[in-house]
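> here is my input, please return the structure:
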Amino acid sequence: MELDHTHDSSRRSWLDSANVAGGDFPLQNLPLSVFRRKGSAQGWRGGVAIGDQIVDLGVLQYLPGLHDNTAEAVRAAAGPTLNGLLGLGPEAWRGLRHGLFALLQAGCPHERTMRQALVPQADAEHTVPVRIGDYTDFYTSLDHAVNCCRQFGLEVNPNFDWLPIAYHGRVSSIGVSGQQVCRPMGQYRPDPDSAPVYGPCRRLDYELEVGAVIGIGNPRGTRIPLAQAQRHIFGLCLLNDWSARDIQTWEMQPLGPFLAKNFATTLSPWIVTLEALLPYRTGWTRAAGRPQPLDYLSAAENTDAGAFDIQLEVSIQSARQRAHGQPPHALTRTSFRHQYWTLGQMIAHHTVGGCNLLPGDLLGSGTVSGPAPDEAGALIELTVSGSQPVAIGDGEQRGFLEDGDTVLLRGWCERQGRARIGFGTNHATVLAARP
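Numbers count the residues shown, from 1 in each chain. This next block holds a predicted model:
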């Protein structure tokens, strides 16, 4: 994967909104989603973001001006999921990106025809863009691990240095931005000397994560070498791994998360392709004194360009703030480059035992936290398990989330000499527990 003209920041679109400084969706991005017109009975179809519009691939497939290599990819992505496109592989993904880039670039002779395929983003609603067969959530931020363990007087487990830790999540409760999340019910033990109680979670939390969508998989019984791992990723999105901390503390003795994690996971609607993110790859290193990975988790490709410098932000808007038209309050700003393990290492370890990944499988990066206090990717860190509430504006504070709170995740990449590209917004609102 190499940089080419589609990464050239001087290129402009004939669509003015794609050229606005600071926008998420310039010509150099072209992320994909699955959408339909809001409130309609239309079928779901693939779409590509450009400026404040969506290129409707369901319409585009019938319009003239498509080259053969682009047409096949458009047809594969025009259905109710993007899985058909994922299965075609990197050359088809690249053909779609390059074909759309040419059609949307200023001076394209097909501009008038292309405008027939545009739908305003404001008029659209989205669904989960891929059919997810399996979902694996990792635990790969050393800063997050240290912050959480320190609260309980614990040390980070020794295996954290040697392998990307993960658990298998629940696919059925994965939703897309705009999801309404009911406060979960479950068991927890507020008094260590008494029996557990059953009731609504009292320590509801978010987790700021990056989601990776697998494009092409591997046959069962084989493994994906680290040097080739990025080739298997179609693209990235923003992921909120909702967490019931009181339920989690009680049930993770001795096994992993169960009810504390399976009630909801929220994805941003747009998948930013790995090709669009190429200018923002960066080197990966381990801090001095930390163990270096075993051979199968080490490769020159990973050291040179295994990490991604994605800027990430978490904001909260309370129900009262929303009712009064007040904006969300930003709590956290960090970068994905801080992760202790890379996405490639997660894939290499995931498959080293012969596990087969499939197109559409989802990997969660685990909470993204940086070294500074205001870079924590979850309230359990920011508030020290609720003991030091943080201000969210308008005189309100939060130790953990309250009913009516909306959590917003944003992500973007920017670098001198490169076009800024964004992931859009991942937002979801907490509802009261159902009786």
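> so which residues of the stretch 101-250 of the chain form helices?
Using DSSP state H, counting those that start in this stretch, the helices found in the stretch 101-250 of the chain span residues 111-114, 142-151, 245-251.
> what residues sit buried inside the first one?
Right, helix 111-114. Buried positions in helix 111-114, judged by neighbour count with 16 or more other C-beta atoms under 10 Å: 111, 114. Yep, even glycine has a C-beta here, placed from its N, CA and C like the rest.
> and that helix, average pLDDT?
For helix 111-114, mean pLDDT is 95.
> contact partners of it?
Outside helix 111-114, the residues that touch it by C-beta atoms under 8 Å, 6 or more residues apart in numbering are 14, 55, 60, 63-65, 103-104, 108.
> so which one among the residues you listed has the lowest pLDDT?
G65 (80).
> residues near that one, how many?
16 (other C-beta atoms under 10 Å).
> and it, how far is that from A76?
18 Å (C-beta to C-beta, to the nearest Å).
> and if you look at T285?
Relative to A76, and taking C-beta to C-beta, T285 is found at 38 Å.
> who's more crowded, these two?
Comparing T285 with A76 by neighbour count (other C-beta under 10 Å), the higher total belongs to A76, at 21 against 11.
> quick one: the more buried one is in a helix?
Yes - A76 forms part of a helix when assessed by DSSP: H, G, I helix; E, B strand; the rest coil.
> for it, what are its contacts?
Residues counted as contacts of A76 (C-beta under 8 Å, 6+ apart) are 84-85, 87-88, 92.
> helices and strands of the chain: which one bottoms out on pLDDT?
helix 68-77 (a mean of 92; mean pLDDT, DSSP states H and E).
> re the thing from before, so which of the helices of the stretch 101-250 of the chain is nearest G169?
The closest of these to G169 is helix 245-251. By C-beta to C-beta, the value is 13.3 Å.
> list the contacts of the helix or strand just after the closest one.
Following helix 245-251 in sequence order, the next helix or strand is strand 265-267 (DSSP states H and E). If you take C-beta under 8 Å, 6+ apart as the criterion, strand 265-267 is touched by 128-129, 135, 137, 169-170, 173-177, 179, 181, 211, 237-242, 362, 364, 426, 428.
> give me the buried subset of those residues.
Buried members of these, counted by 16+ other C-beta under 10 Å: 128-129, 135, 137, 169-170, 173-177, 179, 181, 211, 237-242, 362, 364, 426, 428.
> coming back round to it: filter the contacts of helix 111-114 down to just the buried residues.
When those are checked for burial by 16+ other C-beta under 10 Å, the buried set is 14, 55, 60, 65, 103-104, 108.
> export these to JSON lines and tack on distance to L32?
Output for the buried ones among the contacts of helix 111-114, formatted as JSON lines (distance: C-beta to C-beta, whole Å):
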{"residue": "W14", "distance to L32": "20"}
{"residue": "V55", "distance to L32": "10"}
{"residue": "L60", "distance to L32": "12"}
{"residue": "G65", "distance to L32": "19"}
{"residue": "L103", "distance to L32": "15"}
{"residue": "L104", "distance to L32": "14"}
{"residue": "C108", "distance to L32": "20"}
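> domain map for this structure?
When the chain is parsed with automatic domain parsing, its domains come out as 5-126, 135-431.
> thinking again about what came up before, flag every buried residue along the least confident helix or strand of the chain.
Buried-residue list, helix 68-77, by 16+ other C-beta under 10 Å: 70-77.
> stretch 344-355 now?
344-352, 355.
> tally of neighbours for the nearest residue in space to E414 that is not next to it in sequence?
Nearest in space to E414, with sequence neighbours left out and distances taken as C-beta to C-beta, 6 or more residues apart in numbering, is R420 at 4.1 Å. For R420, the neighbour count with other C-beta under 10 Å is 17.
> so T249 makes contact with Y188?
Yes - with contacts defined as C-beta atoms under 8 Å, T249 counts as touching Y188 at a distance of 7.0 Å.
> those two: who's more crowded?
Y188 (22 against 17).
> quick one, what contacts the more buried one?
196-197, 199, 201-202, 246-247, 249-250.
> and it, how far is that from E381?
Taking C-beta to C-beta, one finds Y188 at 19 Å from E381.
> could the buried residues of helix 68-77 go into a markdown table alongside distance to D374?
Below are those laid out as a markdown table (distance: C-beta to C-beta, whole Å):
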| residue | distance to D374 |
| --- | --- |
| T70 | 44 |
| A71 | 48 |
| E72 | 47 |
| A73 | 42 |
| V74 | 43 |
| R75 | 46 |
| A76 | 43 |
| A77 | 39 |
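> out of these, who's nearest L142?
Ranked by distance to L142 (C-beta to C-beta), the buried residues of helix 68-77 are led by A77 at 37.3 Å.
> before we move on, the earlier item: redo the buried residues of stretch 344-355 as TSV? Include secondary structure and pLDDT.
Below are these laid out as TSV (DSSP: H, G, I helix; E, B strand; the rest coil; pLDDT from 0 to 100):
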residue	secondary structure	pLDDT
G344	helix	98
Q345	helix	98
M346	helix	98
I347	helix	98
A348	helix	98
H349	helix	98
H350	helix	98
T351	helix	98
V352	coil	98
C355	coil	98
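> most widely separated two among those residues?
Once C-beta to C-beta is applied, the buried residues of stretch 344-355 give G344 and C355 as the farthest pair, at 15.7 Å.
> one step back: which among the contacts of A76 gets closest to I165?
Using C-beta to C-beta, G87 comes nearest to I165 of the contacts of A76, at 29.4 Å.
> can you tell me the closest non-neighbouring residue to the closest one?
Excluding its sequence neighbours, the residue lying closest to G87 (C-beta to C-beta, 6+ apart) is P359, at 4.7 Å.
> same check, this time on E155
Using C-beta to C-beta, 6+ apart and skipping the chain neighbours, the partner closest in space to E155 is C149 (6.2 Å).
> can you give me the pLDDT of that neighbour?
Model confidence at C149 (pLDDT) stands at 94.
> start the count at 40 instead of 1 going forward.
I'll keep to 40 as the first residue from here, and by that count the last item is C188.
> that one touches L181, doesn't it?
No - C188 is beyond contact range of L181, at 10.4 Å (criterion: C-beta under 8 Å).
> comparing those two, which residue is more hemmed in?
With neighbours defined as other C-beta under 10 Å, C188 and L181 compare such that L181 has more, 19 against 14.
> that one against V195, yeah?
Yes - under the criterion of C-beta under 8 Å, L181 makes contact with V195 at 7.1 Å.
> helices or strands up against the longest strand seen in the chain?
In the chain, with assignment by DSSP state E, the single longest strand is strand 460-470. Packing partners of strand 460-470 (3 or more C-beta pairs under 8 Å, 6 or more residues apart in numbering; DSSP states H and E): strand 219-221, strand 272-279, strand 304-306, strand 445-452.
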